[in-house]
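Need coordinates for the below:
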Amino acid sequence: YPLFSVLAFLGFFLVLIPLPWHLQAWNSGTCFYMMWASLACLNQFVNSLVWADDSINRAPVWCDISS
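Below is the predicted model of the structure:
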């Protein structure tokens, strides 16, 4: 069961829920942190799907790009 993938995708959306309120209040630091955290969750979600059951490092540079 892909629990990590489901939770990473759920985290992507849950982090963005309060974004409209913080945009309205002009909390730029909080907004940037929420966008950064949501992109990190989305990155982990995509990586968990693309690299599932694969231990061979087929793209060694991707670690530098995605982190």
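
in which helix or strand would I find the spatially closest residue to residue 37 that is not a sequence neighbour?
Taking CB to CB, 6 or more residues apart in numbering, and ignoring the residues beside it in sequence, residue 37 has residue 15 as its nearest neighbour in space, at 4.8 Å. Every C-beta, even on glycine, is put in place using the N, C-alpha and C of the backbone. Of the helices and strands defined by DSSP states H and E, residue 15 is found in helix 3-16.

ok, back up a step: the residue nearest to residue 37 against residue 39, yeah?
No: the criterion here is CB atoms under 8 Å, and residue 15 misses it with residue 39 at 9.4 Å.

Pick out whichever of these two has more residues nearby.
It is residue 15, of residue 15 and residue 39, that has more neighbours when counted by other CB atoms under 10 Å, with 19 against 12.

Run through the chain and note the low-pLDDT ranges.
Filtered on pLDDT under 70, the chain yields the residue ranges 1.

where exactly do the helices run in it?
For the chain, helices defined by DSSP state H occupy the ranges 3-16, 19-24, 28-50, 62-66.

is it possible to export those helices to CSV including distance to residue 56?
Formatted as CSV, those follow (distance: least, CB to CB, whole Å):
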stretch, distance to residue 56
helix 3-16, 19
helix 19-24, 38
helix 28-50, 13
helix 62-66, 13
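
how far away is residue 33 from residue 6?
The span separating residue 33 from residue 6 equals 23 Å under the rule CB to CB, to the nearest Å.

now residue 58
24 Å.

picking up where we left off before, relative orientation of the helix holding residue 15 and helix 28-50 in degrees?
160 degrees (axes from the mean of the first three to the mean of the last three CA atoms, to 10 degrees).

Keeping just the C-alphas, turn helix 3-16 into PDB.
The C-alpha coordinates for helix 3-16 follow below in PDB (Å, rounded to 0.1, in the frame of the first residue of the first chain):
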ATOM      1  CA  LEU A   3       1.000   5.200   2.200                       C
ATOM      2  CA  PHE A   4       3.800   7.600   1.700                       C
ATOM      3  CA  SER A   5       2.600   8.700  -1.700                       C
ATOM      4  CA  VAL A   6      -0.900   9.200  -0.400                       C
ATOM      5  CA  LEU A   7       0.300  11.300   2.500                       C
ATOM      6  CA  ALA A   8       2.600  13.400   0.400                       C
ATOM      7  CA  PHE A   9      -0.200  14.200  -2.000                       C
ATOM      8  CA  LEU A  10      -2.500  15.000   0.900                       C
ATOM      9  CA  GLY A  11       0.100  17.200   2.400                       C
ATOM     10  CA  PHE A  12       0.400  19.100  -0.900                       C
ATOM     11  CA  PHE A  13      -3.200  20.200  -0.600                       C
ATOM     12  CA  LEU A  14      -3.400  20.600   3.100                       C
ATOM     13  CA  VAL A  15      -0.600  23.000   3.200                       C
ATOM     14  CA  LEU A  16      -2.300  25.300   0.600                       C
END
